[in-house]
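Undergrad: sequence first, then the predicted structure, then my questions.
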Amino acid sequence: MISALRHLSPRGSEAALKRFGALADLTATEIALVRAAAEEVEIAPAGTEIQREGEPVRRPRLILSGWACRQRVLADGRRQIFGFVVAGDLIGLSLLPSPRGAADLPAPGATLAITSLVTCDATGLRQAALDGDQAHAGIARALSEAVRRERDHLLDHVVRLGRLTAYERIGDLLLELYARLSAVGLAGGGEFPMPLTQELLADSLGLSVVHLNRVLQQYRRAGLLTIRSGRVTLLKPEAVVVAAGRSPSNAVA
């Protein structure tokens with residue numbers, strides 16, 4: 001069940017503002033618009049299906065805190081997770097200039113809350129992006145860039161599953177999560193929160209839990225990273241970059 005609550009926290013919009021600020025320069029008016037959107041929030045407990053696959057997307061939502069995943073479940077119960085969603089990300093955003101917008105389109109997959117998830121209605125932000133008013137040009141650029149990056153993350157995931165080894169897949173995903181959480185002020189110094197079970201990681205990376213655990217042990221024995229109490233520490237970030245098959249120029253800040 002998703003419950004509505006007003007004025008949950010005066011700082012509830014901070015992660016979203018950091019994300020938007022990383023995507024485009026916002027004016028004071030646009031910052032106030034994001035803060036206003038975050039004044040009324042919805043809270044979904046862990047395990048809540050925020051969006052069902054194939055159903056129309058009623059309205060876009062902006063995540064203020066928590067984690068979710070985008071997934072498809074096969075008839076025999078096997079699951080493929082094709083993306084994780086964190087604070088500052090949007091769910092169900094479409095910038096198609098139609099009267100109903102995203103509601104014209106069925107969701108390509110389900111969105112499931114992994115932790116308690118706090119979101120707000122982003123319909124007003126979407127409308128501001130489409131109204132053509134120069135006063136909202138920053139919002140328009142930020143949402144357009146958010147859509148582009150979501151597409152890029154999906155393409156990266158296709159490459160991750162199709163061409164990387166199990167060892168490379170794990171490093172590549174952890175580096176992606178670190179970069180995305182850093183952009184909203186939730187990571188730094190090679191450390192970040194990751195409330196993901198090994199089952200969730202395995203279903204994202206197309207591996208069995210046994211195989212995933214074996215590869216994680218390789219990373220630990222090599223002294224590259226640790227995962228304890230829901231936090232990841234990249235002990236040797238540059239070495240993780242190499243282990244993931246990335247260019248050394250993609251160093252972790």
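TA: Done, it's in. Residues are numbered from 1 along each chain as shown.
Undergrad: need the nearest residue in space to residue 68, chain neighbours excluded.
TA: Using CB to CB, 6 or more residues apart in numbering and skipping the chain neighbours, the partner closest in space to residue 68 is residue 85 (4.3 Å). Glycine gets a C-beta too; all of them are placed from N, C-alpha and C.
Undergrad: meant to ask about residue 33, not that
TA: Counting by CB to CB, 6+ apart, residue 33 lies nearest to residue 128, which is 6.1 Å off, once chain neighbours are set aside.
Undergrad: in what helix or strand does that neighbour lie?
TA: If you go by DSSP states H and E, residue 128 is part of helix 123-130.
Undergrad: which parts of the stretch 101-250 of the chain are strands?
TA: Remark: strands assigned in the stretch 101-250 of the chain by DSSP state E, counting those that start in this stretch are 110-113, 117-121, 191-193, 225-228, 231-234.
Undergrad: so which of those comes closest to residue 174?
TA: Smallest distance to residue 174 across those (CB to CB): 6.1 Å, for strand 231-234.
Undergrad: tell me the strands beside that closest one, with direction?
TA: Strand 231-234 sits in its sheet next to strand 191-193 (antiparallel), strand 225-228 (antiparallel), going by DSSP bridges.
Undergrad: work out the gap between that strand and the centre of the chain.
TA: Relative to its chain's centre, strand 231-234 lies at 18 Å (CA atoms, centre = their mean, to the nearest Å).
Undergrad: can you check stretch 58-76 too?
TA: 9 Å.
Undergrad: the residue nearest to residue 68: neighbour count?
TA: Residue neighbour count, defined by other CB atoms under 10 Å, stands at 24 for residue 85.
Undergrad: low-confidence stretches in this structure?
TA: Residues of the chain meeting the criterion pLDDT under 70: 1-12, 97-104, 249-253.
Undergrad: and the lengthiest helix in it, what does it pack onto?
TA: Looking across the chain with DSSP state H, the single longest helix is helix 137-163. Helices and strands touching helix 137-163, by 3 or more CB pairs under 8 Å, 6 or more residues apart in numbering; DSSP states H and E, are helix 14-23, helix 28-37, strand 79-85, strand 90-91, helix 123-130, helix 166-182.
Undergrad: make JSON lines out of those and add distance to residue 48.
TA: Formatted as JSON lines, those follow (distance: least, CB to CB, whole Å):
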{"stretch": "helix 14-23", "distance to residue 48": "20"}
{"stretch": "helix 28-37", "distance to residue 48": "21"}
{"stretch": "strand 79-85", "distance to residue 48": "13"}
{"stretch": "strand 90-91", "distance to residue 48": "12"}
{"stretch": "helix 123-130", "distance to residue 48": "20"}
{"stretch": "helix 166-182", "distance to residue 48": "21"}
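Undergrad: care to break the protein down by domain?
TA: The chain is divided into the following domains under automatic domain parsing: 3-162, 166-243.
Undergrad: re the thing from before, pretty sure the residue nearest to residue 33 is touching residue 36, no?
TA: No. The pair residue 128 / residue 36 is not scored as a contact, 10.6 Å apart, by CB atoms under 8 Å.
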